[in-house]
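K.L.:
Fold the following and give me the result.
(2 chains)
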Amino acid sequence: MSLVETLRNESRAQLRQRILEGYPVAPTALEGWAYRGTSLGLPRFVERLTWKTFQKTFWREPASGRLLGWNVRLEQDGLDAPSRPKLKRGEPVTTGHYQVVRPEGLRAPGGFDRGLIIDYGALRDPLVAVEPGNSDLLLGVSYLALGPLCVETPTYFLLEREHPLTHVPRGALALLGFERRWAEVLFAAVVGAPLPDTRDFWHQLKTRTPPYFGPGLRAAVHLLTFLPVTMPEFRRPLFALNERQRLDCIERLNTDERALVRQSLATAKILACFALFEGERP
Amino acid sequence: MSALVHTDGRDVRRALCAEAEVVIVGSGPAGASVARACALAGLSVVVLEEGHEAGPFSKSGFQAMAALYRDLGTSVAFGPSVMPFLQGRAVGGTSVINGAINWKLPRDVYEGWVRDDAALADALPFEAIARAEEEVEQRLHVRPTDERIAGPKNLLLAKGAEALGLEHRPIRRNVRDCEGTGRCLQGCPTGAKLSVDKTYLPDAVARGARVFAGITVEQVRTERGRAVAVLGRAAAGGRVSVRARRAVVLAASAIQTPMLLRQSGLTRGPVGDGLMAHPGLSVTGLFDEPVNNHLGATQGHEVIGLRREGIKVEALGFDRSILASRVPGVGRQFARNLERLDRYAVWGAALRAQAKGSVRSVGGRALVRYALTQEDLMKARRAVRVLVELQLAAGAREVYPELSGAPHVVTGRAQAAELEARGPLSAGAYTMSMTHLFGTARLGSDPSRSVVGLDFQHHDVRGLYVADSSVFPSNTGVNPQIAIMALAQLCAERVIKS
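P.N.:
Okay, the predicted model is just below:
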């Protein structure tokens, strides 16, 4: 039986032991590759609800030097069938963008720090080589980092090196398209004027900011977009209001003394001003 | 290959190996000073810089931040409030994007260092630092701001300080033939600012030093207790290894230097602890006459009468987008106020805070923690009052203190006094950012309380030196560029003698 087949048939306890005894993985060995993933150790009904096979990718972002990645949804053709990405508008469907980092300083269950960490935020996947010096076959597991708590999950997965990366989705680790539209509505309301072409603005934000910036901006955009739903005179998200209502609403929010609202609005104002004046750039 | 940059990491796709007597990590004021001194002494030098060669410079503040600032200027320290801090990421480091302000190390600050560690008096006499500072000032052509290019924002600050009887002066800046374009923080478009990429690095390169740009150093390699090489990665992905025959000198800033030490497994001692800074806050005023805050010397005037209280006031010059973000209001009110953008002036205060934070490497990125003390917050409250009073004394019609829980608009001195008497004492109430970071690999005679010895050499690793503001035993209360370069010069003298 091959090592891959052995791993597919091991119990969760055996897989956990392999994680604890795993070998380091060099980030450079992953760069530019797509790995075929297989979920291990999940109850069958969970596998039916999710997926058994998938791809994980590893891409060094040129602007920031960060090692990033994303999952690619595959058609569920069977364990040994060739990978066939699900497509949407002709492009592979990607989910769960992440950053790959070293484990130093990250809170993790004991012994889960032997390789690298696939970091989604609260969800993290320690990743080890199953054999020393062999980065073609990797084993991962997921745990939740909830404040000071680390909660192990039974979600193990196997990664087999498959092929060089062929597709880098737009918007890795950035706001999604609809969130950008919400943000633009918000920014226009904040500065009381329509924004000029913001494509380069979003590109710079996507490629130049640290990993915590995206989630922070997302939280601010969501908060200020949906706070009007709780306000009796508006009762709808910001983007669903007409222009006059949006201005009324944002001016009301500007009198809110809650620190989170103030900080979110201050962030939105700075970014809105940057976006507004980008139109002046010679 | 440019005249300054020997190797550009954006072209390095395969493994790159190099060797020099002295390998310097960081090309900012500290790294450039060490590079120049060592090269002039005839040593072979390689300087590794994560950023790229600066210029041509965009007029847009946002584009400048994208090109020249680490993390597009969104780096933050976490604590009771999230506090941004700015760092340059370019050949020349922060000198490319700073306000060109120069101060010598105040004697009272130095005396505080000696009180804390008496051995420092003999190892680093004040006179030696002063001599090195003098040399730096000569090379950087440091002079008081010329009134002809100061612009209204600086002259109004002088007027306000004069009216309040506070000691003030034109800022001493490292420029030559400055035209007052007001773009120091975006990279000087005329080359008038004598940042180290225009001075110290070319001097070093003329003596054979090699600058490798676009290289992120990830580890210092040690063998038998000696630093022998640095390992890193080029922007294009190639692995980089530079062997050091004599010394590795870390000059990557008070954030990146302790990160690199920790990533290299050199965690003994207070590595990354004791982070000190100058938190800054600013106040915007509306004047009847045009101020054109984005024009004139970026930062050309300062109030120094409160320095011993730990408060130093400066005129601030921003590009129009950043200035706009300081205009009061949102929505329709903001749009109306934007029409008189040329009438706003922004002045800031830098605080000599007592707070001590930390830097840790989390997944290869810096996690910075920093929390102001109550004493610092009282200082912040006083600084807001001083800034408001200065604006009013200079003729501002309205002043906007941007302080949660306080009036949005202040028009009289009685209100300003109330800000100090009853203003908030919670960090979250203030909109502050940190500048000038110090003390995360401090210098000292006691290995349990310091990371490098009085010769700037790591207590445990021979041939490993730290030359940047990480070694400062405390913050200084004044702009530290000259002091950083002077101490780096003294560090270089130790490297040369070693």
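K.L.:
do you know how far the spatially closest residue to B:Ala396 that is not a sequence neighbour is from B:Val386?
P.N.:
Once flanking residues are discounted, B:Ala396 sits nearest to B:Gly285: 3.3 Å by CB to CB, 6 or more residues apart in numbering or on different chains. C-beta coordinates here come from the backbone N, C-alpha and C atoms, glycine included. Distance, B:Gly285 to B:Val386, using CB to CB, to the nearest Å: 13 Å.
K.L.:
What segments of the chain are helices?
P.N.:
You didn't pick a chain, so chain A it is. For chain A, applying DSSP state H gives helices covering A:3-8, A:12-20, A:27-30, A:44-49, A:177-191, A:199-208, A:213-226, A:243-253, A:259-278.
K.L.:
that's the wrong chain, I wanted chain B
P.N.:
Using DSSP H, helices in chain B cover B:29-40, B:61-68, B:107-116, B:120-123, B:126-140, B:147-150, B:152-164, B:200-206, B:253-263, B:320-325, B:331-338, B:374-393, B:413-422, B:481-497.
K.L.:
Can you list the low-confidence ranges for the stretch 51-200 of chain A?
P.N.:
Under the criterion pLDDT under 70, the flagged ranges of the stretch 51-200 of chain A are A:62-64, A:170-174.
K.L.:
Distance-wise, check the residue of it found nearest chain B relative to A:Gly121.
P.N.:
Per CB to the nearest CB, A:Val101 is where the stretch 51-200 of chain A lies closest to chain B, at 2.8 Å. Separation of A:Val101 from A:Gly121 (CB to CB): 12 Å.
K.L.:
neighbour count winner among the two?
P.N.:
More crowded of A:Val101 and A:Gly121, by other CB atoms under 10 Å in any protein chain shown: A:Val101, with 22 against 12.
K.L.:
isn't the more buried one right next to A:Leu116, touching?
P.N.:
Yes. Using CB atoms under 8 Å, A:Val101 makes contact with A:Leu116 at a distance of 7.0 Å.
K.L.:
still on that earlier bit, tally up the residues packed near the residue nearest to B:Ala396, please.
P.N.:
Count around B:Gly285 with other CB under 10 Å applied: 27.
K.L.:
quick one: pLDDT of it?
P.N.:
Note on B:Gly285: pLDDT of 97.
K.L.:
what sits against it?
P.N.:
B:344-347, B:391-392, B:394, B:396-400 (CB atoms under 8 Å, 6 or more residues apart in numbering or on different chains).
K.L.:
Pull out the buried residues from those residues.
P.N.:
B:344-347, B:391-392, B:394, B:396, B:398-400 (16 or more other CB atoms under 10 Å in any protein chain shown).
K.L.:
and which of those is nearest to B:Ile311?
P.N.:
The closest of the buried ones among the contacts of B:Gly285 to B:Ile311 turns out to be B:Trp347 (CB to CB; 12.0 Å).
K.L.:
Isn't the closest one up against B:Gly280?
P.N.:
No. Applying CB under 8 Å, one finds B:Trp347 not in contact with B:Gly280, separated by 10.7 Å.
K.L.:
Identify the bridge partners of the residue of the stretch 51-200 of chain A closest to chain B.
P.N.:
Here A:Val101 sits in beta bridges with A:Ile117, as judged by DSSP bridges.
K.L.:
what does B:Pro144 give?
P.N.:
B:Arg172.
K.L.:
Now for it, how many residues are close by?
P.N.:
For B:Pro144, using other CB under 10 Å, the count is 13.
K.L.:
what does A:Gly140 give?
P.N.:
By other CB under 10 Å, the residues close to A:Gly140 number 25.
K.L.:
ok, back up a step: nearest to A:Leu67, of the contacts of B:Gly285?
P.N.:
Out of these, the member with the shortest distance to A:Leu67 (by CB to CB) is B:Val346, at 39.2 Å.
K.L.:
B:Gly280 is in contact with the closest one, correct?
P.N.:
No. The criterion here is CB under 8 Å, and B:Val346 misses it with B:Gly280 at 11.2 Å.
K.L.:
Now list whatever residues contact both of these two.
P.N.:
Common neighbours of B:Val346 and B:Gly280 (CB under 8 Å, 6+ apart) do not exist.
K.L.:
From chain A, how far out is B:Leu338?
P.N.:
B:Leu338 sits 7 Å away from chain A, going by CB to the nearest CB, to the nearest Å.
K.L.:
separation between that residue and B:Leu323?
P.N.:
Separation of B:Leu338 from B:Leu323 (CB to CB) stands at 10 Å.
K.L.:
So which residues on the stretch 151-282 of chain A come close to chain B?
P.N.:
A:189-193, A:201, A:204-205, A:208-213, A:247-248, A:250-251, A:253-254, A:257, A:259, A:262-263, A:265-266, A:269-270, A:273-274, A:276-278, A:280-282 (CB under 8 Å from any CB of the partner chain).
K.L.:
Type out the PyMOL command that picks the buried ones from those residues.
P.N.:
A single PyMOL command is used to select the members of these judged buried by 16+ other CB under 10 Å:
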select buried, chain A and resi 189+190+191+192+193+201+204+205+208+209+210+211+212+213+247+248+250+251+253+254+262+263+265+269+270+273+274+276+277+278
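K.L.:
returning to that earlier point: what's the closest of the buried ones among the contacts of B:Gly285 to B:Asp455?
P.N.:
Looking across those and measuring by CB to CB, the closest to B:Asp455 is B:Trp347, at 41.1 Å.
K.L.:
in the sheet, who's paired with that closest one?
P.N.:
B:Val283, B:Ala315.
K.L.:
pLDDT score assigned to it?
P.N.:
For B:Trp347, the predicted pLDDT is 97.
K.L.:
go on, the one 4 residues further on?
P.N.:
In the predicted model, B:Leu351 carries a pLDDT score of 98.
K.L.:
count of neighbours near it?
P.N.:
Neighbour count of B:Leu351, defined by other CB under 10 Å: 26.
K.L.:
who's in contact with it?
P.N.:
B:278-281, B:310-311, B:376, B:379-380, B:383.
K.L.:
returning to what we had before: ok, now how distant is the residue nearest to B:Ala396 from chain A?
P.N.:
In this view, B:Gly285 and chain A are 18 Å apart by CB to the nearest CB.
K.L.:
For that residue, give its distance to B:Ala150.
P.N.:
17 Å.
K.L.:
Same check on B:Val313?
P.N.:
B:Val313 is 15 Å from B:Ala150, by CB to CB.
K.L.:
of those two, who's got more company?
P.N.:
A count of neighbours by other CB under 10 Å puts B:Val313 above the other of B:Val313 and B:Ala150, at 27 against 23.
K.L.:
and the more buried one, what is it in contact with?
P.N.:
Counting by CB under 8 Å, 6+ apart, B:Val313 has contacts B:157, B:161, B:302-303, B:306, B:347-349, B:383, B:386-387, B:390.
K.L.:
B:Leu155 now?
P.N.:
For B:Leu155, the residues meeting the contact criterion (CB under 8 Å, 6+ apart) are B:147, B:301.
K.L.:
for B:Ser44, same thing?
P.N.:
Contact analysis of B:Ser44 by CB under 8 Å, 6+ apart lists B:20-22, B:208-209, B:245.
K.L.:
Tabulate the residues you listed (JSON lines), appending distance to B:Thr94 and pLDDT.
P.N.:
What follows is those, written out as JSON lines (distance: CB to CB, whole Å; pLDDT from 0 to 100):
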{"residue": "B:Ala20", "distance to B:Thr94": "24", "pLDDT": "98"}
{"residue": "B:Glu21", "distance to B:Thr94": "26", "pLDDT": "98"}
{"residue": "B:Val22", "distance to B:Thr94": "22", "pLDDT": "98"}
{"residue": "B:Gly208", "distance to B:Thr94": "25", "pLDDT": "97"}
{"residue": "B:Ala209", "distance to B:Thr94": "20", "pLDDT": "98"}
{"residue": "B:Arg245", "distance to B:Thr94": "29", "pLDDT": "97"}
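K.L.:
Restricted to strands, list those.
P.N.:
If you go by DSSP state E, those have B:20-22, B:245 in strands.
K.L.:
That's all I had, so thanks and see you.
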